[in-house]
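# Got a predicted structure plus its sequence, pasted below:
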Amino acid sequence: MQASDNKEAVNGATQTVDVVVVGAGFAGMYMLHRLRGMGFTVRVFETGSGVGGTWYWNRYPGARCDVESMQYSFQFSPELQQDWEWTERYAPQPEILAYANHVADRFDLKRDIRFNTRVTAAHYDEGTARWTVTTDQGDRVSAGFVVMATGCLSASNKPGIKGIDSFKGATYHTGHWPHEGVDFSDQRVAVIGTGSSAIQSIPIVAEQAKHLYVFQRTPNYTVPARNRPLDPEYKRAVKADYPAMRARAKTLPAGIDLRINMRSALGVSEEERQQEFERRWAEGGIPFMGSYIDLLLKAEANELAANFVRDKIRAIVKDPKVAELLSPKNVIGCKRLCVDTDYYATFNRPNVTLVDVSETPIEEITPTGLRVAGRDYEVDAIVFATGFDAMTGALLRIDIRGRGGRPLKDKWAEGPRSYLGLTIAGFPNLFTITGPGSPSVLTNMLPSIEQHVEWIADCLAHLRAQGRRELEATVDAEEAWVGHVREVAGVTLRSTCSSWYVGANIPGKPRIFMPYIGGFPAYVQKCQDVVANGYEGFAVA
Ligand code: FAD
Ligand code: N01
C-alpha cells in the first residue's frame, strides 16, 4: 500500500479508497473506527438507512439479546463501557439500536457510511491488486482491500411456499420488521416458524391478536429468560471489575461466562442433577446448557437435560396433546437454545392454536390464509419467522469474483472454504468478519467481532509497514483449516440435527457444520500463532 492510497480521490466516476467495508452493524462500525484511526481511507456501504445491522432490521415484538447486556457490548473503549447504562438483564432491541447509534455518534462514524446502498459486486483485478466494488446506487469504488462485515444472520429466508404472493392481507418477516411497528389488535394472525424470533414474538403477538395460529414444523427447546431490570448495585460491581470480567470470559469456549459446571451429568445422583437443572431453570437463560460439562458431548447426558425440559413443558401446557407437540425430540442445544418469556404458557390461551406442519407441510398460501392438510386457516396477517440463509447467504448474494474472475459461488458450491473464517484462497485482500470457519455464532458475537476487526487492522498495518500490497491465504493452509473445522465439529452433538448451522433450513444448501466449534480461546491462539509465525499460511506479495 502506498502513501497516495491514503486519500479518497474521485477519478472520473471511480472513487479510490484504501478499504471498502460492506455492512454497518457492530462489525462494520468498529472496523471503520479502527481503520480510520490508523489513517486509512475507508468507505462503508450499508443497505439499511441506519447503523446497527441485526438490531436495525429485527424490530419484531419481543426482540432482545440472549447474551446478558453487560457482556453483549463493545469493550474496545473503556470509557464507552463505563458510560453506557444498560437497563435490563437482556436489553430489548430499541435499547441495543440506541447503543449502536450512540457508538456511531460518539466516534463520528456516520460521515463515512453510505446508507441505503447495497453492494452488488466486488471484482478483483490481479494486475493492480485492487478490488472494484459496485453498488445498486451506481457507485464504483477501487479499493486495495475489502472487508465483508455483512453479518452471519442478515440474509433473510422467505420459504418458497406455493401461492406466497397471492395473499391479500399483510405479510411481515421478523428480520425486516416495519420501523413504525405493527398493531395486531383484532386481527387473525399466522406465525410461521418456532425458532428464536418466533419464540420471542409469539407471547406478545398473542396478547394483541384476536386469534393466533402458530405453524410449527419442528418444536424447539426454550428456557425462561427471567429478564429483569438491572440492579444498580450489580451494574456498579460489574463496571468496577469490567476488564477482569472480560478477560475471564475470553478464556471460556463461548467467550462468555456460562457458569459451566465441570462435572458430568452422568456422575451425580438423580436428586442432585434435578436440583442443578431446577436451579438453572430458575436462574434463566442459556447458562442452562452449562449445567454439566458433557451435555453437548454425550447423548446420554443430553437426554437427561432434554427430559427435564420436556417435563417442564408438560407441567406448563395444560392440553397434553399440545404439550406433546411442543416437546422437541432431538438433542437439546443442537439447534441454538431459545430463551423466552412465557412462551409455553402462551399455548394455554384460548386465542392461540398450534398447527403441526411436521408431517403435512403448509400446502399453499391462498389470498385469505394458509392451507394445511386440506384445511383453510383464514388470517388477516402472516408473520414469517422463518430465519436466515445463515453465514454464507449475505456473502453469496454479492457477485464476488477473485483471481481469474472466479465467482465465490463456484468456489463454495460444495460449502464454504476459508482460512480461519477470515480469508479465502483465490480471493486476495478480502476479509470476512465472523465468516464461516470462525467461532462467530457459537460465541458472544461482540468479542468475536472485536477480535476479527483487530486482527484485520493489525494485518493491514503490517502490510503497510512492509510496503506490501497483496495478502492471500494459501490453498494448503485453507485445506488444513477446513479439515480441522470439520474434525472438531464431529466431536460434539451440535452437528447432528437439521439446523441452520449446517445449512439444513435452505433447500439445496450443502450440509456442512459452518462455524468453528473448537472454542474461542483455541481459535484466538491460532490467529495469534499465525501472526507470530510471520503470517503463516499466507502468501504476501
Ligand atoms: P449484522 O448486524 O448482521 O450487520 C450486517 C450489515 O451488513 C447489515 O446491516 C446488512 O444490511 C449489511 N449488508 C449485508 N449485505 C450487504 C450488502 N451487500 N451491501 C450493503 N450492506 C450489506 N448474537 C449474540 O452474540 N448475542 C445475542 O444475544 C444475539 N441476539 C441476536 C438476535 C437476533 C434477532 C439475531 C438475528 C441475531 C442475534 N445475534 C446475537 C447475532 C447478531 O447477528 C450479532 O450479535 C451481531 O449483531 C452481528 O453484527 P454484524 O455487524 O457482524 O452483522
Ligand atoms: O430463525 P430459525 P430465527 N414451513 O432458523 C421454520 C438468532 N436469534 O430467526 O426448524 C414451516 O431459528 C423453521 O422450521 P424448522 C439465533 O442465533 C437470536 O428464529 O426448519 N416452518 C424454524 O422453526 C437464532 O438461532 C435471538 O423445521 C418453516 C423457523 O422457521 C437465529 O438468529 C432471537 C418453514 C426458523 O427458525 C435464527 O433465529 C432471534 C416452512 N416452509 C434470533 N421454513 C435471541 O433470542 C422455515 N420454517 C437472542
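Perfect, I can see it now. All of these numbers come straight from a predicted model, not from anything done at the bench. Numbering: from 1, shown residues only. Ligands and ions are numbered 1, 2, ... in the order given.

# bridging residues for the nearest residue to I398 once chain neighbours are set aside?
In space, and not counting its chain neighbours, I398 is closest to V119: 5.7 Å by C-beta to C-beta, 6 or more residues apart in numbering. In short, each C-beta sits where N, CA and C put it, glycine included. Under the criterion DSSP bridges, V119 forms beta bridges with T135.

# what number of residues lie near V119?
By the measure other C-beta atoms under 10 Å, the count of residues near V119 is 27.

# check contacts around it.
Neighbour list for V119: 20, 22, 45, 133-135, 398 [criterion: C-beta atoms under 8 Å, 6 or more residues apart in numbering].

# How much space separates it from G53?
14 Å (C-beta to C-beta, to the nearest Å).

# next one: A489
26 Å.

# for Y501, same thing?
As for Y501, its distance to G53 is 20 Å (criterion: C-beta to C-beta).

# Tell me who's in contact with the closest residue to ligand 2 within the stretch 251-400 of the chain.
In the stretch 251-400 of the chain, the residue that lies nearest ligand 2 is G387 (2.6 Å; C-beta to the nearest ligand atom). Counting by C-beta under 8 Å, 6+ apart, G387 touches 153, 156-157, 175, 193, 195, 197, 500, 505.

# pLDDT score assigned to it?
pLDDT recorded at G387 is 98.

# tell me the phi and psi of the residue of the stretch 301-450 of the chain found nearest ligand 1?
When scored by C-beta to the nearest ligand atom, the stretch 301-450 of the chain has M445 as its residue closest to ligand 1, at 3.2 Å. Taking degrees, to the nearest 10, you get phi -70, psi -30 for the backbone angles of M445.

# Now do the same contact list for it.
M445 neighbours (C-beta under 8 Å, 6+ apart): 26, 67, 72, 152, 434.

# Tabulate the residues you listed in a markdown table, adding columns for neighbour count and pLDDT.
Converted to a markdown table, those look like this (neighbours: other C-beta atoms under 10 Å; pLDDT from 0 to 100):
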| residue | neighbour count | pLDDT |
| --- | --- | --- |
| F26 | 29 | 98 |
| V67 | 23 | 97 |
| Y72 | 21 | 97 |
| C152 | 28 | 98 |
| T434 | 28 | 98 |
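
# how about a markdown table for the residues you listed, with secondary structure and distance to P287 added?
Shown next, in a markdown table, are the contacts of M445 (DSSP: H, G, I helix; E, B strand; the rest coil; distance: C-beta to C-beta, whole Å):
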| residue | secondary structure | distance to P287 |
| --- | --- | --- |
| F26 | helix | 23 |
| V67 | coil | 10 |
| Y72 | coil | 14 |
| C152 | coil | 22 |
| T434 | coil | 22 |
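
# Outline the domain layout of the protein.
15-155+390-540, 170-255+298-384 (automatic domain parsing).

# most packed of those?
Among the domains of the chain, judged by mean count of other C-beta atoms under 10 Å, the one packed with the most neighbours on average is domain 15-155+390-540 (a mean of 20).

# If we check ligand 1, which of the contacts of G387 are in contact?
153, 197 (C-beta under 6 Å from any ligand atom).

# now, the most widely separated pair of the contacts of G387?
Based on C-beta to C-beta, the longest span within the contacts of G387 runs between L153 and G193 and measures 13.9 Å.

# Strands along the stretch 351-500 of the chain, start to end?
352-356, 362-366, 369-372, 375-378, 381-384, 399-401, 430-432, 471-473 (DSSP state E, counting those that start in this stretch).

# Inside helices: which ones of the contacts of G387?
S197 (DSSP state H).

# coming back round to it: how about the domains of the chain in JSON lines, adding distance to ligand 2?
As requested, the domains of the chain are exported to JSON lines (distance: least, C-beta to the nearest ligand atom, whole Å):
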{"stretch": "domain 15-155+390-540", "distance to ligand 2": "3"}
{"stretch": "domain 170-255+298-384", "distance to ligand 2": "2"}
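
# so can I have JSON lines of those domains showing distance to I161?
Shown next, in JSON lines, are the domains of the chain (distance: least, C-beta to C-beta, whole Å):
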{"stretch": "domain 15-155+390-540", "distance to I161": "12"}
{"stretch": "domain 170-255+298-384", "distance to I161": "5"}
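
# before we move on, the earlier item: now tabulate the strands of the stretch 351-500 of the chain in CSV and tack on mean pLDDT.
CSV is the format used below for the strands of the stretch 351-500 of the chain (pLDDT from 0 to 100):
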stretch, mean pLDDT
strand 352-356, 98
strand 362-366, 98
strand 369-372, 98
strand 375-378, 98
strand 381-384, 98
strand 399-401, 98
strand 430-432, 98
strand 471-473, 98
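
# Show me what A473 is bridged to.
Here A473, judged by DSSP bridges, has bridge partners F538.
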